[in-house]
Structure formats: structure tokens, C-alpha cells
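> how does the following fold in three dimensions:
(one chain, ligands or ions: 1)
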Amino acid sequence: MNKATDHKLQSEVDKRRTFAIISHPDAGKTTLTEKLLLFGGAIRLAGTVKARKASKHATSDWMEIEKQRGISVTSSVMQFDYLDHRVNILDTPGHQDFSEDTYRTLTAADSAVMLIDVAKGVETQTIKLFQVCAKRGIPIFTFINKLDREGRSPFDLMEELENVLGIRSVPMNWPIGMGRELCGVYDRMKNQVELFQGDDHSVIKVQKVESYRDPIIREMAGEYLHDQLCADLELLDVAGDPFDYEKVLRGEITPVFFGSAINNFGVQTFLDNFLELAPKPEPRRSTAGAVEPTNEKFTGYVFKIQANMNPAHRDRIAFLRIVSGKFERGMSVKHVRAGKDIKLSQPQQFLAQDRDIVEEAYPGDIIGLFDPGIFRIGDTLSQAGDIEFDELPTFSPEIFSKVTIKNALKSKQFQKGIDQLTEEGMIQVFRTVNFDDILLGVVGQLQFEVFEYRMKGEYGVDVQLQRMSYQFARWIVDENKPDASKFRINSTLVTDKKGNYVVLFENEYAMRTAMEKNPTAKFLETAP
Ligand code: G4P
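Numbers count the residues shown, from 1 in each chain. Next up, the predicted model:
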């Protein structure tokens, strides 16, 4: 092994941080992302973040549907350098219409930043995304945003994190006042205050202090706010959890930061602390055991495939998370599932408007590979032999539609489209047991729209989707073959693409009743 290369690989791994920001729509993810990028003087980003939300899509070649709606259909990646770090932010669409891709993207992150609106607290989308992260046990850092507005008490919010998400929290800083009274935050770790100054709060002054009792704070913030700060922090010192880094790394406790993204307040200290505490690229499990990022042999896996990024070329981009070794343009790697070597000649690291050919990349980085239809989600690319990384998780669909074809002459194309899009992980497909209807299951409404659009665009098939009232899918594992007649009321028995039995339920009551009536059966949220 070449020692110099070894050292270089180690230092490239050490400086990388790959994370996702998870939040409910409107919590301020776009705003925070933009501020983070500004600190980094972003070197590569997927269009400007804001431009994707607004209607500035003229030069972008994102999917047509994405342009029409002004949102990011599938998650993208932004990369920037800040101090000694190379930062990769995985963007997860926070819109109501997110999809399974959003969840899968989280598997490519080594940590997550959970953004919460101080007035709204923990919201539905945050809960779903949090649970996916928590299942993987990755560290989660919390940023409570919009402190310049009246919001809930920080203690209230901490309690909500624990009650709703089941995670305890350690405030890294603490607000001095809130809303119109907000005058700064106290940094509990560094013993310093960050204060807003000027009428429009545009100047931020950082002042080192002895402790939160320091009279300097009293002078700057006034008696009332200082008394409140002291009372809060005394309580936290006594009753709060101590900062335990090991627990943070195991995802058992979340460090909490308060700030206001739009005013750039608390953002830089958040970034500094986060980059110090967030883990560098982590090993991933494979058929050959854990693969360390510093393993010199290149490996990676595909976690997302985005179709039609450029409608003119109908190309697809497979997003690859590098797990180990150095990536070099033009290198040959084994496509393990396909059992053949392929050359990675046109990798792209920069998505959307200005795609950029990447010459080299390291563990933690995400690269986009041109995909002529050879990749599937979960595929492993390797120079380290025939290893395969753990399968990516699937998620229980929550929205269902019956799909039919408008023109029966196209049924061959229809079947091909369904097969391929299911294979790709775009949708989940089910067949009713007695009637052979085809039902599609998704986690976000948007997946149906993309499905319809791609069936027409890529397979020339017009489909009709009829929304069903089912809300839950449970895979049945039982010694006896399930009896369809038992699942008639507010439920139906279907099979998935592998022939597994699945019951779709209209409500929780129907699901609970079925479980009680079938005590020998197991009802699983995803395929066994
Ligand atoms: P999202 O990506 O999570 O959906 O949220 P986004 O950043 O677009 O922010 C949602 C709204 O919240 C925006 O206002 C944004 O300006 C505002 N916002 C973000 N951070 C803060 C903050 O720290 N304080 C306050 N007071 N507001 C904040 P909007 O009116 O919907 O959009 P815009 O007209 O400002 O673009």
C-alpha cells in the first residue's frame, strides 16, 4: 500500500461531512441552506436553492414537472468548502409531496440537521423524516429557527422533542429574549454571548464572558432578560442532561441550537459547532462486513435514480454515495449485480443548471453517474471484489391508486412501464387477489404525478389513476394462506410484485381488528 496515498485518503475522509436537513415545509430550510452556502462560498450547488422554489427555471434542465411546480422533485446535492471541511448537503424536499426518494436520500447521510419553527414545534413531516434517521441511529442536530418571532418557550420545545420524537436534547445555546425582545443567544459551551445590534439587528457582536451570570450580559440585555436567562440556565444546569458526545453520536441525544436563519443569527456558530461534532463519513455494512472509508479500494452504492433530468436526452442520473477509496474519472469498476465491469467516464458532481464533470471524489461525496438504464437503487459498484452493500430500506406506502390504461392496445408498453418503474423504486405495485386490479402504492402524492408523466413520456402510455381510500399496507406472514374473504370490510387482500400477501386497510381500526382476528399472523410494515 502506498503510504502517501493512504495519508491523503485519510485526510480527505477526515475533512468531509455529509448531512441532510430535515424539516416540515416553511420551517426555513431553503433560507438556512442558503446561509450555510454563503459561509462556504459554495463551490458546487444544484442551482441556487431559492431559484428552485421560485419560477426561475428558464435555464434549468430539471424535469418538466419540476419546472411546472417550482419545486425540487427529487433531492439534490450541494457541496462547499468551509474552513478545513468539505461539506456535502443532501437536499430533501420538504414539500407535502415528497416521495420515497426523500427517505432513501437519508441513507446517504452520516448525520441530519432537524430544523424546527420556534412557533410551530415538531410538525408531521419532521416526525416522518426523523423516524427514518432515528432507525439508522445517525446523529441528529436540531436548529430551532425564527427566534425573531414570538414562539414557544424553549423548555416547551425540548419537552416536545422528548414526548413526540422520543429524543432528549441538550441546548448548546439559549435565547436571550424572543420575538421583538430577542437580543441574542448565550453559548453554553463556549461561554460567550452573541448579540444583535443596530435597529435592524444587522450587526452581530460576539462577547466572551465568565458565565451567564456575567454583569456584562446584564448591561447589554437589561435586567429583565438577564434575570430570565439566569433562571432558565440555572434550571438547565440542575435538571438538564449533560452534553455527552457518545450519546450524540449514537443518536440518543440531540444538541439544540437556537437562531434565526433569515437574519443570519446563530447560523455561523451553529455551522462551526456542527462541523466539529458531526461525524465524518461512516463505514457501511456489506456482504463482506463493514467497509471503512479509508479502505483504498473504491466502493459505493446507488441510492437514487433520477430520470429525465434533461428531457432532450432522456438520460437518467444514478446518484452514488462513495463509501471507500478514491474515485477517479474514467476508472473501471465492477457493477456487482450485473456481474460486469463498467467504465465511469462522465461522472457529474454538480446537478441542475451547470453540471460539472468530476475528476476525483472521496468517501462521503455523492456523484451523479450517467445511466443508460443499467442501474437500480441499491446497486453496488466496487473495486474491492464482489461485495454488496446492505439493501436500502423500503417504506410502507400510505397513498394508493388503482391504475388502468386508457388505450388497451398499449397494454404491453403499460406492463413494461410498470415493471421498470417498480424495479427502479419509483412506485410499489400490488394486484388484488380476486379481481386482478393493479394498485399502486406511494408515500407521497407527487410520485403518482411523476409516474403518470413518465408513463406517457417514456412508454407512450396514457394511464388513469383512481385514488383508493386505503391508508396502510401490512405484509402478512402466516403459516396458512390468507383468506381474501376475511379482508373485505375497510380492507382488501393484495399481492406485491414478488407474490407476498399484503393487506391494505382504510383505517387503523380496521387494521387493529384484523390483527386481533388473526393472532397467528404477523403484520409487517414493509416486505419481509
Ligand atoms: P422551507 O424551505 O423550509 O419551506 O422554508 P423557507 O426557507 O422558504 O422559509 C419559509 C418562510 O419563512 C419564508 O417566508 C422565509 O423568509 C421565512 N423565514 C425563514 N427563516 C426565518 C427566520 O429566521 N425568521 C423569520 N421571521 N422568517 C423566516 P415567506 O414569506 O414564505 O417567503 P419569502 O417571501 O420570504 O421568500
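> rest of the way, CA atoms for contacts and neighbours
OK.
> helices and strands around the host helix or strand of Met78, which ones?
Met78 is located in strand 77-82, with elements delineated by DSSP states H and E. Here strand 77-82 touches helix 29-40, strand 85-91, going by 3 or more CA pairs under 8 Å, 6 or more residues apart in numbering; DSSP states H and E.
> pick the most buried one from the ones you listed.
Between the helices and strands packed on strand 77-82, strand 85-91 has the highest mean count of neighbours, a mean of 22, where neighbours are mean count of other CA atoms under 10 Å.
> so is that strand next to the ligand?
No: counting by CA under 6 Å from any ligand atom, the ligand is not contacted by strand 85-91; separation bottoms out at 10.1 Å.
> for the record, mean pLDDT for that strand?
Strand 85-91 shows a mean pLDDT of 89.
> begin at 19 from now on, thanks
I'll keep to 19 as the first residue from here, and by that count the last item is strand 103-109.
> residue boundaries of the strands in the stretch 319-468 of the chain?
Taking DSSP state E, counting those that start in this stretch as the criterion, the stretch 319-468 of the chain contains strands spanning 334-342, 345-346, 350-353, 358-361, 366-368, 374-375, 378-379, 384-389, 398-400, 417-423, 446-450, 456-460.
> picking up where we left off before, relative to strand 103-109, how tilted is the strand holding Met96?
Relative orientation of strand 95-100 and strand 103-109, computed by axes from the mean of the first three to the mean of the last three CA atoms, to 10 degrees: 160 degrees.
> got a markdown table for the strands of the stretch 319-468 of the chain, with distance to Glu310 too?
A markdown table is the format used below for these (distance: least, CA to CA, whole Å):
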| stretch | distance to Glu310 |
| --- | --- |
| strand 334-342 | 6 |
| strand 345-346 | 15 |
| strand 350-353 | 18 |
| strand 358-361 | 22 |
| strand 366-368 | 22 |
| strand 374-375 | 26 |
| strand 378-379 | 16 |
| strand 384-389 | 16 |
| strand 398-400 | 13 |
| strand 417-423 | 38 |
| strand 446-450 | 33 |
| strand 456-460 | 34 |
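> first-to-last residue distance for stretch 173-192?
10 Å (CA to CA, to the nearest Å).
> buried residues, that stretch. List them.
175-179, 183, 185-192 (16 or more other CA atoms under 10 Å).
> stretch 479-490 now?
For stretch 479-490, a neighbour-count test (16+ other CA under 10 Å) marks 479-481, 483, 487-490 as buried.
> out of those, which sit inside strands?
Residues of the buried residues of stretch 479-490 located in strands (DSSP state E): 481, 483, 490.
> got the phi/psi numbers for the residue sitting nearest the centre point of the chain?
The chain has Leu124 as the residue nearest its centroid, 3.7 Å off, counting by CA atoms, centre = their mean. Here the main-chain torsion angles of Leu124 (degrees, to the nearest 10) amount to phi -60, psi -20.
> and it, what does it touch?
With contact taken as CA atoms under 8 Å, 6 or more residues apart in numbering, Leu124 is in contact with 38, 108, 150-151.
> do Ile185 as well
Going by CA under 8 Å, 6+ apart, Ile185 touches 179, 270-272.
> can you tell me which of those are in strands?
Among the contacts of Ile185, the members falling in strands (DSSP E) are 271-272.
> coming back round to it: with distance to the ligand added, can I get the ones in strands among the buried residues of stretch 479-490 in TSV?
TSV is the format used below for those (distance: CA to the nearest ligand atom, whole Å):
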residue	distance to the ligand
Val481	31
Leu483	28
Phe490	27
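> wait, which of those residues is closest to Thr412?
Ranked by distance to Thr412 (CA to CA), these are led by Phe490 at 14.2 Å.
> any idea what that closest one is bridged to?
In this entry, Phe490 is beta-bridged to Phe523, by DSSP bridges.
> just to check, it is in contact with Pro415?
Yes: counting by CA atoms under 8 Å, Pro415 is a contact partner of Phe490 at 6.8 Å.
> lowest average confidence, helix or strand, in this structure?
When each helix and strand of the chain is scored by mean pLDDT, DSSP states H and E, helix 67-71 comes last, with a mean of 44.
> downstream of the helix ranked longest in the chain, the next helix or strand is which one?
As assigned by DSSP state H, the longest helix anywhere in the chain is helix 241-257. For helix 241-257, the following helix or strand on the C-terminal side (DSSP H and E) is helix 263-267.
> want to throw the strands of the stretch 319-468 of the chain into JSON lines with distance to the ligand?
As requested, the strands of the stretch 319-468 of the chain are exported to JSON lines (distance: least, CA to the nearest ligand atom, whole Å):
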{"stretch": "strand 334-342", "distance to the ligand": "22"}
{"stretch": "strand 345-346", "distance to the ligand": "32"}
{"stretch": "strand 350-353", "distance to the ligand": "36"}
{"stretch": "strand 358-361", "distance to the ligand": "37"}
{"stretch": "strand 366-368", "distance to the ligand": "20"}
{"stretch": "strand 374-375", "distance to the ligand": "25"}
{"stretch": "strand 378-379", "distance to the ligand": "28"}
{"stretch": "strand 384-389", "distance to the ligand": "22"}
{"stretch": "strand 398-400", "distance to the ligand": "32"}
{"stretch": "strand 417-423", "distance to the ligand": "23"}
{"stretch": "strand 446-450", "distance to the ligand": "27"}
{"stretch": "strand 456-460", "distance to the ligand": "22"}
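> for those strands, which has the smallest mean pLDDT value?
In terms of average pLDDT, strand 366-368 trails the rest of the strands of the stretch 319-468 of the chain, at a mean of 55.
> and the residue of the stretch 219-368 of the chain found nearest the ligand, bridged to which residues?
Nearest residue of the stretch 219-368 of the chain to the ligand: Ser278, at 3.4 Å (CA to the nearest ligand atom). Assessed by DSSP bridges, Ser278 has beta-bridge partners Phe283.
> just the buried residues of stretch 173-192: which are in helices?
Using DSSP H, the members of those that fall in helices are 175-178.
> nearest to the ligand among those?
For these, the residue nearest the ligand by CA to the nearest ligand atom is Leu175; the value is 16.5 Å.
> quick check: phi and psi at the closest residue to that closest one other than its chain neighbours.
Nearest non-adjacent residue to Leu175, counting by CA to CA, 6 or more residues apart in numbering: Gly139, 6.2 Å away. Dihedral pair for Gly139: phi 70, psi -150, per degrees, to the nearest 10.
> now Gly284
The phi/psi pair for Gly284 (degrees, to the nearest 10) is phi 80, psi 0.
> pull out the buried residues from stretch 386-401.
386-389, 393-401.
> got a list of contacts for it?
Contacts of stretch 386-401 (CA under 8 Å, 6+ apart): 315-323, 333-338, 350-355, 362, 364-369, 405-410, 441-443.
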